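**Student:** here are the coordinates; sequence isn't available:
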């Protein structure tokens, strides 16, 4: 069951929202080089996290600025829960179990939108394992 609530952003119903991701000072999980990060977007549907899309992996950096963005349709009456997870890519495998989990941020899509401005910048801290 979905939670319905008033965000005050009804005028944006059906709008496509583009989310660009960058990170700073990621944990270095590689021994001889820096991490090779990739961001994976999960959307909560019917109580389950479902993978929505992935950015490209950027080699040898702790401060990635991903080129690939995430595009979602905004539904103002719905509780659109998002989780942005960062992984250190260790192989060509598409299975996330084969890569090192760096951390994640959970939020709701309506928190990432400013109804009065076309562009909004938001900073979030990753929740990392063991913290």
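**Tutor:** Yes, it's here. Predicted model, so just to flag it, every value in this text is computed and none were measured. Residues are numbered from 1 along each chain as shown.
**Student:** Could you look up the SS state of the residue most central in space within the chain?
**Tutor:** For the chain, the residue nearest the mean C-alpha position is residue 84 (2.6 Å; CA atoms, centre = their mean). The three-state label given to residue 84 by DSSP: H, G, I helix; E, B strand; the rest coil is strand.
**Student:** Residues in a beta bridge with it, which ones?
**Tutor:** Counting by DSSP bridges, residue 84 is bridged to residue 41, residue 105.
**Student:** any idea how far it lies from residue 109?
**Tutor:** 12 Å (CB to CB, to the nearest Å). No exception for glycine: its C-beta is placed from N, CA and C like everyone else's.
**Student:** doesn't residue 38 make contact with residue 96?
**Tutor:** No: assessed by CB atoms under 8 Å, residue 96 is found out of contact with residue 38, at 9.3 Å.
**Student:** ok, those two, which is more surrounded?
**Tutor:** Per other CB atoms under 10 Å, whichever of residue 96 and residue 38 has more neighbours is residue 38, with 22 against 15.
**Student:** Kindly state the pLDDT recorded for that one?
**Tutor:** Here the pLDDT value assigned to residue 38 is 97.
**Student:** What of residue 76?
**Tutor:** pLDDT recorded at residue 76 is 72.
**Student:** What's the local residue count around it?
**Tutor:** 21.
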